[in-house]
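Trainee: Compute the structure for the input listed below.
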Amino acid sequence: MKKDDIAEARHQEKLIAVPILPATTAAKEWMLLFEEHTGHSYFLVSEDNKIHVFNNVEEALDVLRELDFHRAEITF
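Mentor: The predicted structure follows:
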């Protein structure tokens, strides 16, 4: 799901959880998973539809703040 779509889902209160997960491709990279109350979940993807990975957790938190999230769960 792209940032604009996530912002819209957040505004409509469809999203209930945001785990920050380690990327499977590299030990020190992280990705965001957005979960809906319906049970569906979506990774944050870039404009070219590739899963967006972050070099550290702080970068992921910056994006969540930008999208007006106030809570996330870090899974490692």
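Trainee: Every contact and neighbour count from this point should use C-alpha atoms.
Mentor: Fine.
Trainee: Spit out the contact partners of the residue nearest the centre of the chain.
Mentor: Nearest to the mean C-alpha position of the chain, by C-alpha atoms, centre = their mean, lies Leu32 at 2.7 Å. Residues near Leu32 by C-alpha atoms under 8 Å, 6 or more residues apart in numbering: 18-21, 43-44, 52-53, 60.
Trainee: quick one: which helix or strand includes it?
Mentor: For Leu32, the host element (DSSP states H and E) is strand 30-36.
Trainee: and the most far-flung residue of the chain relative to its centre, which of the three is it?
Mentor: Within the chain, Ala27 marks the point farthest from the mean C-alpha position, 17.6 Å out by C-alpha atoms, centre = their mean. At Ala27 the chain is in coil, as set by DSSP: H, G, I helix; E, B strand; the rest coil.
Trainee: Could you list the buried residues of stretch 57-76?
Mentor: For stretch 57-76, a neighbour-count test (16 or more other C-alpha atoms under 10 Å) marks 57, 60-61, 64, 67, 72 as buried.
Trainee: and the next element down the chain from the strand holding Leu32?
Mentor: In N-to-C order, the element after strand 30-36 by DSSP H and E is strand 41-43.
Trainee: in its sheet, what does that following strand sit against?
Mentor: Applying DSSP bridges, strand 41-43 is found paired with strand 30-36 (antiparallel).
Trainee: Average pLDDT for the partner strand, rounded please.
Mentor: Average pLDDT, strand 30-36: 96.
Trainee: so how far is that strand from its chain's centroid?
Mentor: A distance of 4 Å separates the centroid of the chain from that of strand 30-36, by C-alpha atoms, centre = their mean, to the nearest Å.
Trainee: do stretch 59-74 as well
Mentor: 8 Å.
Trainee: and for that stretch, what are the contacting residues?
Mentor: 3, 6-7, 17-21, 30-32, 54.
Trainee: That one spans what distance, first to last residue?
Mentor: The first and final residues of stretch 59-74 sit 13 Å from each other (C-alpha to C-alpha, to the nearest Å).
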